[in-house]
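Student: Sequence first, predicted model second:
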Amino acid sequence: MLDIKTLTSTLSVSPQIEKMDLKKIADLGFKTIICNRPDGEAEEQPLNGELGMLAERLGMDFIEQPVIAGAICAEDYVEFAQALATATPPVLAFCRTGTRCTTLWVNGTEDLGSREERLNHATQLGFVIKA
């Protein structure tokens, strides 16, 4: 079941997506999917390569930028911002819960004018972002 949360007019986040979700994601108008979850974190999660292949068949771009929960570094923030800058919007980023994607957004972009504004927005959406 999709649980998409809107961060900006061009970026939304969600918990892990499934193969069966891809058609609905395409129907919702998303043009790019960014995966921030490494393969193999959980036994039941679909392989990113399979999701990417199916997304591309539906006309969406698929960008893999796996990051380890609790070990996000400055380079990850830069890479996420670069992916957003080159991606065709609207973009859906996903990880296990959506928190990693949101953390990358809060710390890696200039959206909403300030980190404090991004952090406040993330908190209002129910995310707990560590400093």
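Tutor: Yep, it's here. Bear in mind that the values here come from a model prediction, so they are computed numbers and not experimental data.

Student: burial of the closest residue to Asp21 other than its chain neighbours, as a residue count?
Tutor: When the adjacent residues along the chain are set aside, Asp21 lies closest to Leu2, with 5.5 Å between them (CB to CB, 6 or more residues apart in numbering). No exception for glycine: its C-beta is placed from N, CA and C like everyone else's. If you count neighbours by other CB atoms under 10 Å, Leu2 ends up with 14.

Student: Which pLDDT value belongs to Leu2?
Tutor: According to the prediction, Leu2 has pLDDT 92.

Student: Three-state assignment for it, please.
Tutor: When classified by DSSP: H, G, I helix; E, B strand; the rest coil, Leu2 comes out as coil.

Student: list the contacts for it?
Tutor: Ser14, Ile17, Asp21, Lys24, Ile25 (CB atoms under 8 Å, 6 or more residues apart in numbering).

Student: Just among the residues you listed, which is most surrounded?
Tutor: Counting neighbours by other CB under 10 Å, Ile17 comes out on top of the contacts of Leu2 with 23 neighbours.

Student: Relative to Ser114, how far out is the residue lying closest to it once chain neighbours are set aside?
Tutor: Leaving aside its chain neighbours, Ile17 sits nearest to Phe94 (5.1 Å; criterion: CB to CB, 6+ apart). Per CB to CB, to the nearest Å, Phe94 is found 25 Å from Ser114.

Student: Check Thr32 too.
Tutor: Thr32 is 25 Å from Ser114, by CB to CB.

Student: What of Ile72?
Tutor: Ile72 is 20 Å from Ser114, by CB to CB.

Student: what about the residue nearest to Asp21, distance to Lys19?
Tutor: From Leu2 across to Lys19, the span is 13 Å (CB to CB).

Student: Wasn't Thr103 part of a helix?
Tutor: Yes: Thr103: assigned to a helix according to three-state DSSP.

Student: Sounds good, over and out.
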